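structure here, sequence nowhere to be found:
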């Protein structure tokens, strides 16, 4: 009898087991018609790519979740304990939480990241079990805090570093604006959001079975800059000091590796904090290094000299009559004037002493169309291709205009054309790398190949000439012991349109080089925009600033002092 009962019992257990398995199979695989199992969908938001300079994050993104609550649903008796617990989990001071919880409507209590969000979900479950939340009068549900869908936040940990060249992120339009952020918008933007879809279990979790779907989020690509953040910040400090000393509208400067075109630092005195852009920052959003076009003045003379040398139109050591500093040719209404009344100058001395008359005598040796073609080859009528959004192109006069000796003359000493800082930095770099025009680059992304526009002998001649400017001419304050320094000054009146030129406002600049015997070669530019200080000459403003930059580069080990400071010849180009 006992054996019979045991057999019947085992049969019943087996039968129930078979029925249970059948039910599971039926409901999870076949799902009978009319049966309701709720579906779930979780979105994992893709975020914008990070930007780093020399391995240091300059910009990064993260997801932020808003935590909202209506204070009337908090249990008044347990409110102090809630504040203490919430403060521990979020790091928000208790007094701030208490102030926020004084109202009687839904408020944003906190902003939390992904880790804090998960912790707050677990905290909410605990608080609900312990009666911290009241029930809704209609639905009967406990009304705790809600955690909203994530939003991307772009974080600039170093504030105004590299601005306005870096640009900013517009969280409403969800795209980068200006600068590097704007130029690499498609590169940095997230490629897709991640999605998890499937049926939910009774706890609301997705059931990962054959019917579920998972697609991973694809974030934006990371961007690696050649910018050295330490050098960048120190350069910005030098420009800030110069702006304060001379009360100038803006000072810009850049350091370029001569061979590669990589920009080690590119700075402005007029910066803003992209974490908190104010109304007064709006004029500063556009980078002056690519968007401020100006007449450059005497820094154009070496470019003209190089064109003539390349075409065999200059004889070394020849004597050129410069009319004791004042000359009015028949094709010109007003005389051309020099600061120093020399009688004769050699071609090199014309550059050393920045003679307007001398460079005019030289440029008249070349015909207008050929001169125009060479200016174009130096990149002075087109964007440089630097990876900064919305770069403006410099403007030359139409080719036919240069048939006029007057226009060739004024262009040769830096008027009647408009250039940008980046265009001239790129043009001068040709002299420092054996004659190649390179595309300036901030980020480690493909760039067009260099184009040789001068032969190596012409580039060598230009380095020697510009070295003499520092040893004997207007650039003496740019001499740095142990480093090959060379370059050219330019001080230009600012045009007032039909009213002529201002005599109380100037643009002063110095474009030059800093090389050492160990193969380091840098091209450096400094420009003071709208200078009204009585010390407006570039020899008093841009040149000392350039010298400070070179000394800073020595301190930061970009250059090594082991060069004879009186030597004319530059270190050999490897």
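Cool, the structure landed. Worth saying up front: this structure is predicted, and the values here are computed from it rather than measured.

show me the contacts for residue 483.
514, 515, 516, 550, 554, 559, 561, 563, 565 (C-beta atoms under 8 Å, 6 or more residues apart in numbering). C-betas here are computed from N, CA, C, even on glycine.

I'd like those residues as JSON lines, with secondary structure and neighbour count appended.
Output for the contacts of residue 483, formatted as JSON lines (DSSP: H, G, I helix; E, B strand; the rest coil; neighbours: other C-beta atoms under 10 Å):
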{"residue": "514", "secondary structure": "strand", "neighbour count": "28"}
{"residue": "515", "secondary structure": "strand", "neighbour count": "23"}
{"residue": "516", "secondary structure": "coil", "neighbour count": "20"}
{"residue": "550", "secondary structure": "helix", "neighbour count": "22"}
{"residue": "554", "secondary structure": "helix", "neighbour count": "17"}
{"residue": "559", "secondary structure": "coil", "neighbour count": "26"}
{"residue": "561", "secondary structure": "coil", "neighbour count": "13"}
{"residue": "563", "secondary structure": "coil", "neighbour count": "20"}
{"residue": "565", "secondary structure": "coil", "neighbour count": "14"}
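
reformat the residues you listed as JSON lines; add distance to residue 503 and pLDDT.
Formatted as JSON lines, the contacts of residue 483 follow (distance: C-beta to C-beta, whole Å; pLDDT from 0 to 100):
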{"residue": "514", "distance to residue 503": "33", "pLDDT": "97"}
{"residue": "515", "distance to residue 503": "37", "pLDDT": "96"}
{"residue": "516", "distance to residue 503": "41", "pLDDT": "94"}
{"residue": "550", "distance to residue 503": "32", "pLDDT": "98"}
{"residue": "554", "distance to residue 503": "38", "pLDDT": "97"}
{"residue": "559", "distance to residue 503": "39", "pLDDT": "97"}
{"residue": "561", "distance to residue 503": "41", "pLDDT": "94"}
{"residue": "563", "distance to residue 503": "40", "pLDDT": "87"}
{"residue": "565", "distance to residue 503": "37", "pLDDT": "76"}
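
where are the low-confidence patches of the stretch 451-574 of the chain?
Counting by pLDDT under 70, the stretch 451-574 of the chain has low-confidence residues at 498-500, 574.

tell me, what residue is most central in the protein?
Residue closest to the mean C-alpha point of the chain, counted by C-alpha atoms, centre = their mean, is residue 166 at 2.5 Å.

just confirm that one is within a strand.
No. Under DSSP: H, G, I helix; E, B strand; the rest coil, residue 166 sits outside any strand and is assigned coil.

do I have it right that it meets residue 272?
No. In this structure residue 166 lies outside contact range of residue 272 using C-beta atoms under 8 Å: 10.2 Å.

where along the stretch 201-350 of the chain do the helices fall?
229-246, 288-291, 301-310, 347-352 (DSSP state H, counting those that start in this stretch).

mind listing what residue 250 touches?
Contacts of residue 250 (C-beta under 8 Å, 6+ apart): 243, 268, 269, 270, 288, 292, 528, 529, 530.

tell me how many other residues crowd the fourth one.
Spelled out, it's residue 270. Number of residues near residue 270 (other C-beta atoms under 10 Å) recorded here: 21.

gap between the residue nearest to the centre of the chain and residue 271?
Computed as C-beta to C-beta, to the nearest Å, the residue 166 to residue 271 distance reads 9 Å.

picking that back up, the helices of the stretch 201-350 of the chain: which one's closest to residue 458?
Among the helices of the stretch 201-350 of the chain, the nearest to residue 458 by C-beta to C-beta is helix 301-310 (4.8 Å).

and the contacts of that closest one?
Applying C-beta under 8 Å, 6+ apart, the contact partners of helix 301-310 are 314, 347, 350-351, 354, 359, 362-363, 365-366, 371, 374-375, 378, 380, 411-414, 427-428, 430-431, 454-455, 458, 461-462, 465-466, 488.

which of those count as buried?
314, 347, 350-351, 354, 359, 362-363, 366, 371, 374-375, 378, 380, 411-414, 427-428, 430-431, 454, 458, 461-462, 465-466, 488 (16 or more other C-beta atoms under 10 Å).

next step: those residues restricted to helices.
347, 350-351, 359, 362-363, 371, 374-375, 411-412, 427-428, 458, 461-462, 465-466 (DSSP state H).

lowest average confidence, helix or strand, in the protein?
When the helices and strands of the chain are compared on mean pLDDT, DSSP states H and E, helix 2-25 comes out lowest with a mean of 64.

could you pull out the strands for the stretch 151-300 of the chain?
Under the criterion DSSP state E, counting those that start in this stretch, the stretch 151-300 of the chain carries strands at the ranges 151-155, 168-170, 175-177, 194-199, 213-215, 223-225, 250-257, 263-268.

nearest to residue 392 among the contacts of residue 250?
residue 292 (8.3 Å).

the closest one reaches residue 422, doesn't it?
No. Taking contacts as C-beta under 8 Å, residue 292 lies outside contact range of residue 422: 10.1 Å.

quick one: which of the two has more around it?
residue 422 (29 against 21).

who touches the strand or helix carrying that one?
If you go by DSSP states H and E, residue 422 is part of helix 421-429. Helix 421-429 is contacted by residues 252, 254, 256, 258, 261, 288-290, 292, 296, 299, 302-303, 378-380, 384, 386, 388, 391, 394, 437-440, 487, 509, 511-513, 523, 525, 527 when judged by C-beta under 8 Å, 6+ apart.

ok, then the element right after that helix?
Using DSSP H and E, the helix or strand that follows helix 421-429 in sequence is strand 436-437.

chain center to that next one: distance?
Chain-centre distance of strand 436-437: 23 Å, with C-alpha atoms, centre = their mean, to the nearest Å.

tell me which other helices or strands whichever helix or strand comes after that strand touches.
Next in sequence after strand 436-437, counting helices and strands by DSSP H and E, comes strand 451-452. Applying 3 or more C-beta pairs under 8 Å, 6 or more residues apart in numbering; DSSP states H and E, one finds that strand 451-452 contacts strand 436-437.

re earlier: can you name the two of the contacts of residue 250 that are farthest apart?
Going by C-beta to C-beta, the pair spanning these furthest: 243 and 292, at 14.8 Å.

domain parsing of the chain, as residue ranges.
As assigned by automatic domain parsing, the chain contains the domains 2-35, 42-225, 291-479+488-504+518-551.

wait, which of those domains is closest to residue 247?
Ranking those by proximity to residue 247 (C-beta to C-beta) places domain 291-479+488-504+518-551 first, at 6.0 Å.

before we move on, the earlier item: packed most tightly, which of the strands of the stretch 151-300 of the chain would that be?
Of these, the one with the most neighbours on average (mean count of other C-beta atoms under 10 Å) is strand 263-268, at a mean of 27.

run a quick neighbour tally on residue 518.
Residue 518 has 11 neighbours, counted by other C-beta under 10 Å.

and residue 468, how many neighbours?
By the criterion of other C-beta under 10 Å, residue 468 has 17 neighbours.
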